[in-house]
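Asks: Predicted model, plus sequence, below.
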Amino acid sequence: MSRIGKKPVALPKGVSATVEGQLVKVKGPKGELSVRLVPEVTAAVGEHGITVTPDKNKERADQMWGLSRSLVNNLVTGVTTGFTQKLEIQGVGYRAAVQGKNLNLQLGFSHDVVYPIPAGIAITSEKPTMISVSGIDKQLVGQVAAEIRGYRPPEPYKGKGVRYEGEYVRRKEGKKK
């Protein structure tokens, strides 16, 4: 039994949801999102919110129950508050700046890295060494943050590179004399 799957997803004020077969659509103040659930689970909108129930005859239904409920919950959270991922840049001369619809990264390469900002994502750079990626789609926010981090992941000797805020980088000892 899924402890997460049992709980209904509450719909806050100003948020409406519709279920058409396996497609769940959620509309709120920040936008509209949808997800297609697997055939082993069914979703329904009730007075307590959106409930996800598994098909009792299939073994995979129990495995997908909690996941499906979490995906629906991420839709509701996204259209109400949105998601934010913060990145830190460490290293001498490493910095970032938003220029129009592009993120310009100086990460120690011979040329600057120009990352085009995808639709539905807002990237801000409060300081030259801090990047904030925000949007309503949790998967897209995480994917964009991972792509930016992938240009120069933190290295273990000096810790230089792009890392998530609060990420611990295990350091190695350098050469001995």
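Replies: Ah, there it is. None of these values were measured; they are calculated from a predicted model.
Asks: Which residue ranges make up the domains of the protein?
Replies: Following automatic domain parsing, the chain resolves into domains at 3-80, 83-164.
Asks: need the longest strand for this structure.
Replies: Longest strand in the chain by number of residues, with DSSP state E as the criterion: strand 83-90.
Asks: Now that strand: buried residues?
Replies: Residues of strand 83-90 classed as buried by neighbour count (16 or more other Cβ atoms under 10 Å): Phe83, Gln85, Leu87, Glu88, Ile89. Heads up, the C-betas are built off the backbone N, CA and C, glycines and all.
Asks: Likewise for stretch 28-40?
Replies: In stretch 28-40, counting by 16+ other Cβ under 10 Å, buried: Gly28, Leu33, Val35, Leu37, Val38, Glu40.
Asks: Ends of that stretch, what's the gap?
Replies: 27 Å (Cα to Cα, to the nearest Å).
Asks: in the chain, which segments are predicted with low confidence?
Replies: For the chain, the stretches with pLDDT under 70 are 1.
Asks: how about the helices in this protein?
Replies: Residue ranges of the helices in the chain, as given by DSSP state H, are 3-6, 59-80, 138-151.
Asks: Quick check: which of the domains of the chain is nearest to Arg171?
Replies: The closest of the domains of the chain to Arg171 is domain 83-164. By Cβ to Cβ, the value is 5.9 Å.
Asks: how far out from the middle of the chain is that closest one?
Replies: 14 Å (Cα atoms, centre = their mean, to the nearest Å).
Asks: Begin at 14 from now on, thanks
Replies: Yes, from this point I'll number from 14; that puts the last item at domain 96-177.
Asks: Over to it now: how far is its first residue from its last?
Replies: With Cα to Cα, one end of domain 96-177 sits 14 Å from the other.
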